[in-house]
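Chemist: next comes the sequence, and after it the predicted model I'd like to discuss.
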Amino acid sequence: MLKLSPQAKRLWTYEQNPSRKASDQINDVAVDRYDNIIVGGFDNKKNNARWRTEKLNPKGKRLWSYTSNPSSATDKVTAVAVDSKQNIVF
């Protein structure tokens, strides 16, 4: 993940590879009213794609991470939204 200023100056870079040996992917990003960034996608822990959502503060520091594998098939977050009460939906 990369955050740029309006003038295209790099503000910060965030890297995460939870699967280490398999591919991980970001599919969507949302920003809440406090400028926190919510990232949604998947990781392939043990070659089994599972939901992965992370929340970063405005400076790119991870606040938390949520993973889930509700099925025996591939599970991916494809869209992320934040409602008026700051709840995260994916």
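Modeler: Perfect, I can see it now.
Chemist: confirm K46 sits in a helix?
Modeler: Yes. Under DSSP: H, G, I helix; E, B strand; the rest coil, K46 sits within a helix.
Chemist: do you know how far it is from N87?
Modeler: Going from K46 to N87 by CB to CB, to the nearest Å gives 30 Å. C-betas here are computed from N, CA, C, even on glycine.
Chemist: got it, and A30?
Modeler: Distance, A30 to N87, by CB to CB: 11 Å.
Chemist: neighbour count: these two, which is higher?
Modeler: A30 (18 against 9; other CB atoms under 10 Å).
Chemist: what lines up beside the helix or strand containing T53 in the sheet?
Modeler: Here T53, judged by DSSP states H and E, is contained in strand 50-56. Strand 50-56 has the following strand partners under DSSP bridges: strand 37-43 (antiparallel), strand 62-68 (antiparallel).
Chemist: and those strands, which is most packed in?
Modeler: Counting by mean count of other CB atoms under 10 Å, strand 37-43 has the highest mean neighbour count of the strands paired with strand 50-56, with a mean of 22.
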